[in-house]
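J.: Fold the following.
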Amino acid sequence: GWAPLNPAGHFNPQVFSRLARGEEVVIPNLGLETVHHVHAEDVSQAFIKASQCWSAAVGNSFHVVSPAALTLRGYAETVASWFGREANLKFEPFETLSGKLTEQEARSTWDHIAHSPNCSIDKARSLIGYAPRYTSLEAVKESVEWMIERQLIEVS
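T.: Numbering: from 1, shown residues only. Have a look, this model is predicted:
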């Protein structure tokens, strides 16, 4: 029920529309930075498991994400393939790209590419039995389908 982080590193759903239509999408740098999604159901699962395994969870912090992160480039290529397209990508240094984004988009993109999250769920898996149901792409695809149904993404 929300717009996921897109392959450009921010939350504007038009990036998904552009990928769906085969239009050019500008990706920061070389698109090799990573993002790591999580589905809300998996977040909920982690909270429930932590409360059920209180003695193992207390005093610990856990990464609650999908089993694997994605590169921005691989993410864009996969999203385009959902629509039978090849991703039409252009790569620009963030310093150049940021001037073409809104302030909020630039801030979000910088935050994601500067940190390039790629987290391990091993600790949550071993201590509380966390087992995410969704991969990053499955979580995103569900959100994209939800946005298409509500015409927040135009596919043609």
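J.: My guess is residue 12 contacts residue 6. True?
T.: Yes: in this structure, residue 12 is within contact of residue 6 by C-beta atoms under 8 Å, at 6.6 Å. Bear in mind the C-beta positions are built from the backbone N, C-alpha and C, glycine included.
J.: between these two, which one's more packed in?
T.: residue 6 (27 against 16; other C-beta atoms under 10 Å).
J.: Isn't the more buried one up against residue 20?
T.: No: if you go by C-beta under 8 Å, residue 6 and residue 20 don't touch, sitting 11.7 Å apart.
J.: got the contact list for residue 116?
T.: 33, 34, 35 (C-beta atoms under 8 Å, 6 or more residues apart in numbering).
J.: Quick check: it vs residue 9, distance?
T.: 10 Å (C-beta to C-beta, to the nearest Å).
J.: re earlier: just the buried subset of the contacts of residue 116, written out for ChimeraX, thanks.
T.: Only the buried entries of the contacts of residue 116 go into this ChimeraX selection, using 16 or more other C-beta atoms under 10 Å:
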select :33,34,35
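J.: got the contacts of residue 116 as a markdown table, with distance to residue 70 columns?
T.: Listed next are the contacts of residue 116 as a markdown table, based on distance: C-beta to C-beta, whole Å:
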| residue | distance to residue 70 |
| --- | --- |
| 33 | 10 |
| 34 | 6 |
| 35 | 6 |
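J.: Among the contacts of residue 116, which are located in strands?
T.: Among the contacts of residue 116, the ones falling in strands (DSSP state E) are 34, 35.
J.: Redo the contacts of residue 116 as JSON lines? Include pLDDT and distance to residue 1.
T.: Shown next, in JSON lines, are the contacts of residue 116 (pLDDT from 0 to 100; distance: C-beta to C-beta, whole Å):
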{"residue": "33", "pLDDT": "98", "distance to residue 1": "26"}
{"residue": "34", "pLDDT": "98", "distance to residue 1": "25"}
{"residue": "35", "pLDDT": "97", "distance to residue 1": "19"}
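J.: Need the phi and psi values for residue 70.
T.: Torsion angles at residue 70 (phi, psi; degrees, to the nearest 10) stand at phi -130, psi 150.
J.: List the contacts of it.
T.: Residue 70 touches 34, 35, 36, 37, 78, 136, 137, counting by C-beta under 8 Å, 6+ apart.
J.: one more time with 10 Å
T.: Residue 70 is in contact with 5, 7, 33-37, 76-78, 118, 135-137, 140, counting by C-beta atoms under 10 Å, 6 or more residues apart in numbering.
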